[in-house]
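[1] Build the 3D model from these lines:
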Amino acid sequence: MRPWRSLLLLSLILLSGSSMAAAGVHVFGPGGPAPAMKAAAAEFEKLHPGMRVQVTAGPTPQWLDAARATGDVIYSGSEAMMADFQRDLAGVLDAGTIEPLYLRPAVILVRPGNPDHITGFRSLLRPGMKVMVVNGAGQVGLWEDIAGRDGRIATLRAFRRNIVYAAPNSALALKRWQDDAAIQAWLSYNIWALAHPGLAQVVPLQRQYRLYRDCGVGLTIRGKANATARAFVRFLRSAQGRAIFELWGWQTAPGA
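    Now for the predicted structure:
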């Protein structure tokens with residue numbers, strides 16, 4: 001082989017190696033599923049040396065512009081949230097790739113030790129109870145859906161009277177829960193208690209009031225062309241991905 005051809009081949013090999021080393025995926029989504037998503041990213045990187053997955057999580061306004069510019073994978077905390085992403089990331093997020101992954105149950109978070117003896121949803125209807133809800137992000141309409149399950153307007157009235165704070169997102173609700181010990185109960189998801197040990201005790205909702213919201217995932221147009229992004233989404237659906245999400249409180253059984 002002539003010397004110049006050898007140099008060209010070597011350059012191509014080095015360039016290819018550099019490209020693989022830089023292979024990366026930019027993932028964006030809300031804070032609720034973030035612990036599971038970040039754990040999945042870490043395990044994926046361990047299994048695929050040289051591949052990098054960067055998860056950016058939090059309230060949508062904090063990362064939306066970056067997702068438009070560099071996003072490969074977008075995940076949500078509910079179908080309503082994913083619908084918002086389809087609107088806000090029109091021309092960026094490929095709707096045909098969106099898929100619900102796993103479910104999480106709504107629960108009541110109470111103070112450790114359950115000092116107010118809250119045993120279920122109807123405990124939150126007691127006069128004078130101080131309850132916090134989130135009405136935004138992945139919990140749009142959640143408390144109304146739960147309180148309306150028995151078809152009685154009196155239930156919604158009683159619950160509404162006890163709401164002392166309706167946070168626009170779970171990050172602000174978390175801060176309020178930590179700052180205001182007078183709040184006795186937080187209608188939210190189980191995963192917040194798992195992600196913050198010692199923060200709260202979980203009281204399940206009775207079956208007739210139980211609701212679920214999902215974590216869905218979709219590729220952007222850019223992500224569809226990124227083999228590592230496609231591989232990461234496949235990993236989220238795999239047995240290993242399911243095990244990680246289950247560890248963080250998500251229901252992952254195929255029939256769940």
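
[2] Select the longest strand from this protein.
    The longest strand of the chain (DSSP state E) is strand 99-110.

[3] Distance from the chain centre to whichever helix or strand comes after that strand, please.
    The helix or strand immediately downstream of strand 99-110 is strand 131-134, counting by DSSP states H and E. Offset of strand 131-134 from its chain centre (CA atoms, centre = their mean, to the nearest Å): 18 Å.

[4] partners of strand 131-134 in the sheet?
    strand 163-167 (parallel), strand 185-189 (parallel) (DSSP bridges).

[5] And these: which comes nearest E79?
    Proximity to E79 (CB to CB) singles out strand 185-189 among the strands paired with strand 131-134, at 14.5 Å. No exception for glycine: its C-beta is placed from N, CA and C like everyone else's.

[6] Could you pull out the buried residues of the helix or strand following the closest one?
    Next helix or strand after strand 185-189 toward the C-terminus (DSSP H and E): helix 190-195. Using 16 or more other CB atoms under 10 Å as the test for burial, helix 190-195 gives 190-195.

[7] Out of those, the closest to Y165 would be?
    W192 (15.2 Å).

[8] Next up, the contacts around the closest one.
    32, 109, 170, 174, 186, 199-200 (CB atoms under 8 Å, 6 or more residues apart in numbering).

[9] same thing but 10 Å
    31-32, 35, 104, 107, 109, 134, 170, 173-174, 177, 186, 199-200, 202, 249 (CB atoms under 10 Å, 6 or more residues apart in numbering).

[10] do the same with A41
    25, 27, 51-55, 73, 232, 235-236, 244.

[11] Tell me the buried residues in the one helix or strand it maps to?
    Using DSSP H and E, A41 maps to helix 34-47. Applying a neighbour-count criterion of 16+ other CB under 10 Å, one finds 34-41, 43-45 buried in helix 34-47.

[12] Can you lay out those as a markdown table showing pLDDT and distance to A182?
    Formatted as a markdown table, those follow (pLDDT from 0 to 100; distance: CB to CB, whole Å):
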| residue | pLDDT | distance to A182 |
| --- | --- | --- |
| A34 | 95 | 28 |
| P35 | 94 | 28 |
| A36 | 96 | 31 |
| M37 | 97 | 33 |
| K38 | 97 | 32 |
| A39 | 97 | 34 |
| A40 | 98 | 37 |
| A41 | 98 | 38 |
| E43 | 97 | 40 |
| F44 | 97 | 42 |
| E45 | 97 | 43 |
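
[13] Could you save the residues you listed as a markdown table and add columns showing distance to K224?
    Shown next, in a markdown table, are the buried residues of helix 34-47 (distance: CB to CB, whole Å):
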| residue | distance to K224 |
| --- | --- |
| A34 | 23 |
| P35 | 26 |
| A36 | 23 |
| M37 | 19 |
| K38 | 23 |
| A39 | 25 |
| A40 | 20 |
| A41 | 19 |
| E43 | 23 |
| F44 | 18 |
| E45 | 21 |
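
[14] mind listing the helices in this protein by residue range?
    3-21, 34-47, 64-70, 79-88, 142-147, 153-162, 170-179, 190-195, 221-224, 227-237, 239-247 (DSSP state H).

[15] Check the chain and tell me which residue is nearest its centre.
    P33 (2.6 Å; CA atoms, centre = their mean).

[16] Next up, phi/psi of that one, please.
    Backbone torsions for P33, taken as degrees, to the nearest 10, come to phi -80, psi 0.

[17] do the same with T119
    phi -110, psi -10.

[18] my guess is it meets V203, correct?
    Yes - in this structure, T119 is within contact of V203 by CB atoms under 10 Å, at 6.7 Å.
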